[in-house]
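whatever this is, show me its structure:
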Amino acid sequence: MLDVAVIEDPAAAEVSLDPVRARLLAELATPLSATMLAARVGLPRQKVNYHLKTLERHGLVELVEERRKGNVHERVMRATAASYVISPAALAAVQPDPAMSPDRLSARWLLAVAARLVRDVGALLSGAERAGKRVATFAMEGEVRFATAADRAAFAEELAGALAVLIARYHDESAEGGRPHHVVVALHPAVPSGSPAREPGSVVEDH
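So this is what the prediction gives:
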């Protein structure tokens with residue numbers, strides 16, 4: 001089982017978003033038969049079997065074991081990953097394009113950049129898994145509490161300057177055999193778990 005799987009196929013994305021199937025995927029973090037799963041979620045075994053076949057057809061669950069109990073043939077299934085991320089590639093016709101309106105102060109542009117990050121890393125990860133290799137990536141995150149909006153702006157400008165210096169120092173356009181890497185740095189207000197800011201239609205106030 002993978003820690004995280006990226007869903008790039010539109011049909012698989014649609015299947016995973018069904019509330020019942022999403023619940024089944026969550027339960028299948030540990031291997032279960034249709035009978036065991038039906039008891040957990042309170043659905044008829046026939047209906048669970050139907051959903052499992054759909055999930056299996058789209059590569060979201062996999063067979064772990066087949067066993068027989070008397071006259072009953074059981075298939076023990078589990079999810080192919082502990083969690084899933086839907087790539088913007090699944091909505092190729094309407095996926096956001098950061099090149100359309102590059103504005104580093106725009107939250108919508110930040111979302112477009114983040115969507116591209118998910119799409120690109122997802123594609124790299126899928127290719128690496130097929131080739132049996134790892135993807136060379138680096139990520140870090142932190143939290144800073146600003147006293148004022150002016151401090152936040154100053155921090156952003158200093159961060160941008162430091163990043164520009166690093167890029168200028170290490171970028172080598174003429175390096176033979178070199179490979180370009182994409183660098184993304186983002187800054188946004190923290191949203192605590194369970195905060196009203198996560199509710200639809202809520203507004204995060206600036207200061």
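
which parts of this structure are strands?
Secondary structure of the chain by DSSP state E: the strands cover 2-7, 32-33, 61-69, 72-79, 81-86.

buried deepest among these, which one?
Ranked by mean neighbour count under mean count of other C-beta atoms under 10 Å, the strands of the chain are led by strand 32-33, which reaches a mean of 22. Where C-beta positions appear, they are placed from N, C-alpha and C, glycine not excepted.

follow-up on the earlier one: mean pLDDT and distance to S106 added to the strands of the chain, as JSON lines?
Converted to JSON lines, these look like this (pLDDT from 0 to 100; distance: least, C-beta to C-beta, whole Å):
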{"stretch": "strand 2-7", "mean pLDDT": "88", "distance to S106": "25"}
{"stretch": "strand 32-33", "mean pLDDT": "94", "distance to S106": "45"}
{"stretch": "strand 61-69", "mean pLDDT": "89", "distance to S106": "39"}
{"stretch": "strand 72-79", "mean pLDDT": "90", "distance to S106": "36"}
{"stretch": "strand 81-86", "mean pLDDT": "92", "distance to S106": "23"}
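
for burial, what's the neighbour tally of R145?
R145 sits with 7 neighbouring residues when counted by other C-beta atoms under 10 Å.

save the strands of the chain as a markdown table, and put in distance to A26 too.
Listed next are those as a markdown table, based on distance: least, C-beta to C-beta, whole Å:
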| stretch | distance to A26 |
| --- | --- |
| strand 2-7 | 14 |
| strand 32-33 | 11 |
| strand 61-69 | 12 |
| strand 72-79 | 8 |
| strand 81-86 | 9 |
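
now the residue nearest to A90 when sequence neighbours are not counted: how far from H58?
Using C-beta to C-beta, 6 or more residues apart in numbering and skipping the chain neighbours, the partner closest in space to A90 is A13 (4.1 Å). Distance from A13 to H58, counting by C-beta to C-beta, to the nearest Å: 9 Å.

now swap in E65 and tell me
21 Å.

mind giving me the domain ranges of the protein?
Following automatic domain parsing, the chain resolves into domains at 2-84, 104-198.

what's the most buried one of those domains?
Buried most deeply of the domains of the chain, by mean count of other C-beta under 10 Å, is domain 2-84, with a mean of 16.

gap between the two ends of that domain?
Its first and final residues considered, domain 2-84 spans 9 Å by C-alpha to C-alpha, to the nearest Å.

distance between that domain and the chain's centre?
Taking the mean of its C-alpha atoms, domain 2-84 sits 19 Å from the chain's own mean (C-alpha atoms, centre = their mean, to the nearest Å).

what does stretch 141-154 give?
27 Å.

ends of it, what's the gap?
Note: stretch 141-154 ends 19 Å apart using C-alpha to C-alpha.

can you check stretch 99-116 too?
Terminal-residue distance, stretch 99-116 (C-alpha to C-alpha): 10 Å.

what about the domains of the chain, which gets the closest to P96?
Taking C-beta to C-beta, domain 104-198 is the member of these nearest to P96, at 3.7 Å.

tell me the mean pLDDT over the closest one?
The average pLDDT for domain 104-198 rounds to 89.

show me how far that domain is from its chain's centre.
Averaging C-alpha positions (C-alpha atoms, centre = their mean) puts domain 104-198 15 Å from its chain's average.

kind regards, and thank you for your time.
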